[in-house]
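# sequence first, then the predicted structure:
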Amino acid sequence: MSRPKKSVRILLLLLGVVVTGSLAYAFSNARKGYEPRQPILFRHTRMAGAPKMEKNAKGEMVNVGGFGIPCLYCHTMPYKGRHSTVPSTAVCMNCHSTVGLNREWVLKMKEYWDRGEPIPWVKVHNLPDFVYYDHSAHLNAKNEKGEPKLALVKDAQGIPMTNACEHCHGKVELDEIVRVKNPFNMQWCLDCHRKPEMKGPTDCVTCHR
Ligand code: HEC
Ligand code: HEC
Ligand code: HEC
Ligand code: HEC
Ligand code: HEC
């Protein structure tokens, strides 16, 4: 089957987004500051944050910080596919079949597990359906020297980022509750694509196909 000419497709797209775009504006979640409550109080600070040892009341050294679990242990797909995927409860149970069984939220999680139900995590970042986005294309992009484009940039304070996820999601390891920290709108995508060190594509069909 022949595909319509590019110009026709873009016109159709424009028509389509006028309708769906306004609906998407009303329903889309991908908005800076969005911070939905989750069914389990899962804290990235505790699971992915840096350890912090302190003396407890009995004088023993305990970790009141995080366990520094790498992002990719739980989000296994960002370098391989479009979506990053949220882990299944089986991943949590690798540890929590034996660890933390005196904690309220760990027990709540185990109830889902014992019932064989997935945890109904609420999506935090959620672009409208007419936008195409792909994690792996971003995380695997290399410059002329073969270095990853999304790993080298420093943040506004000049501090190098610790992982490539930070470019878009900020320091998730410091989140008690995950929050959308960037606008995630078209202007924001394009601002980065236009940076000389990024050279991301800017034609409409890149993101609207
Ligand atoms: C122990 C497993 C685990 C680790 C480690 C982990 N995460 Fe998560 N992550 C989750 C779970 C579960 C959710 C869904 C619940 C939530 O949003 O809090 C989630 C949600 C997210 C979301 C929001 C997803 C959405 O719906 O938009 C982002 C972004 C994210 N994680 C990034 C990271 C980054 C970056 C790291 C490393 C610094 C990391 N995560 C480490 C388990 C993990
Ligand atoms: C690599 C091992 C490991 C994995 C995988 C893991 N955890 Fe944990 N988790 C721990 C440890 C260690 C603690 C600390 C237990 C304690 O404080 O007694 C903990 C504590 C917790 C707590 C209670 C502490 C708090 O205040 O936040 C919750 C809730 C929790 N984990 C949820 C999860 C969920 C949900 C997943 C899967 C997305 C997960 N964990 C995956 C090791 C793990
Ligand atoms: C270039 C920006 C960018 C980078 C870098 C990035 N993400 Fe995302 N992430 C997004 C966008 C955009 C979405 C929303 C996708 C959607 O709604 O279709 C998203 C969604 C997610 C989600 C929700 C599930 C999904 O795929 O829709 C998780 C989890 C996540 N990202 C984790 C990560 C992790 C972990 C890293 C680092 C290894 C990372 N992201 C790097 C832009 C980025
Ligand atoms: C932090 C910078 C940055 C941000 C923010 C960003 N991008 Fe990108 N994007 C890139 C880079 C770098 C490339 C890859 C260029 C290359 O191939 O070398 C790219 C490539 C792409 C591609 C081409 C993928 C393919 O299959 O070839 C799409 C689609 C895309 N971005 C969509 C988006 C969308 C949608 C957003 C906003 C929600 C976004 N990007 C935000 C840096 C960014
Ligand atoms: C790098 C990715 C990217 C490129 C390139 C891009 N867009 Fe978008 N576009 C988006 C995103 C993301 C949204 C969703 C914005 C939102 O939900 O706030 C969007 C939304 C739209 C909308 C809906 C109205 C609005 O502003 O939200 C229209 C119309 C649109 N784009 C047209 C275009 C046209 C025409 C081009 C080419 C000149 C283009 N886009 C190129 C990412 C892109």
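Right, received. Where do you want to start? Numbers count the residues shown, from 1 in each chain. Ligands and ions are numbered 1, 2, ... in the order given.

# what's the end-to-end length of stretch 78-92?
The separation between the terminal residues of stretch 78-92, taken as CA to CA, to the nearest Å, is 19 Å.

# now check that stretch, is it near ligand 3?
Yes: contact between stretch 78-92 and ligand 3, assessed by CB under 6 Å from any ligand atom, occurs at 78, 83-84, 86. C-beta here means a position set from N, CA and C on the backbone, and glycine is covered the same way.

# centroid residue for this structure?
With distances taken as CA atoms, centre = their mean, residue 169 lies nearest the centre of the chain, 5.9 Å away.

# my guess is that one contacts residue 163, does it?
No: using CB atoms under 8 Å as the test, residue 169 is too far from residue 163 to be in contact (9.3 Å).

# give the buried residues for stretch 168-184.
168-173, 175, 178, 180-181, 184 (16 or more other CB atoms under 10 Å).

# rewinding a little: ok, the residue nearest to the centre of the chain - contacts?
125, 178, 181-182 (CB atoms under 8 Å, 6 or more residues apart in numbering).

# related to what we said a few turns ago, residue 39: which of the residues of stretch 78-92 next to ligand 3 is nearest?
Nearest to residue 39 out of the residues of stretch 78-92 next to ligand 3 is residue 86 (CB to CB; 11.9 Å).

# and the nearest residue to that closest one once chain neighbours are set aside, how many neighbours?
With sequence-adjacent residues excluded and distances taken as CB to CB, 6 or more residues apart in numbering, residue 86 is closest to residue 121, at 5.3 Å. Residues lying near residue 121 (other CB atoms under 10 Å) number 14.

# how near is residue 121 to ligand 4?
According to CB to the nearest ligand atom, to the nearest Å, residue 121 stands 20 Å off from ligand 4.

# what does residue 87 give?
From residue 87 to ligand 4 the distance is 23 Å (CB to the nearest ligand atom).

# thinking again about what came up before, pick out the most distant pair among the buried residues of stretch 168-184.
Using CB to CB, the pair of the buried residues of stretch 168-184 lying farthest apart is 173 and 184, separated by 19.8 Å.

# next, the residue in the chain sticking out farthest from the centre: secondary structure please.
Taking CA atoms, centre = their mean, the residue of the chain most remote from its mean C-alpha position is residue 58, at 39.0 Å. Recorded secondary structure, residue 58: coil (DSSP: H, G, I helix; E, B strand; the rest coil).

# per-residue pLDDT of it, please?
Residue 58 is assigned 92 on the pLDDT scale.

# picking up where we left off before, next step: the buried residues of stretch 168-184 restricted to helices.
168-169 (DSSP state H).

# and the buried residues of stretch 168-184 near ligand 3, which?
By CB under 6 Å from any ligand atom, the members of these lying near ligand 3 are 168-169, 184.

# which among these are in contact with ligand 1?
Restricting these to those near ligand 1 - CB under 6 Å from any ligand atom - leaves residue 169.

# and the ones next to ligand 3 among the buried residues of stretch 168-184, which is closest to ligand 5?
Nearest to ligand 5 out of those is residue 184 (CB to the nearest ligand atom; 6.7 Å).
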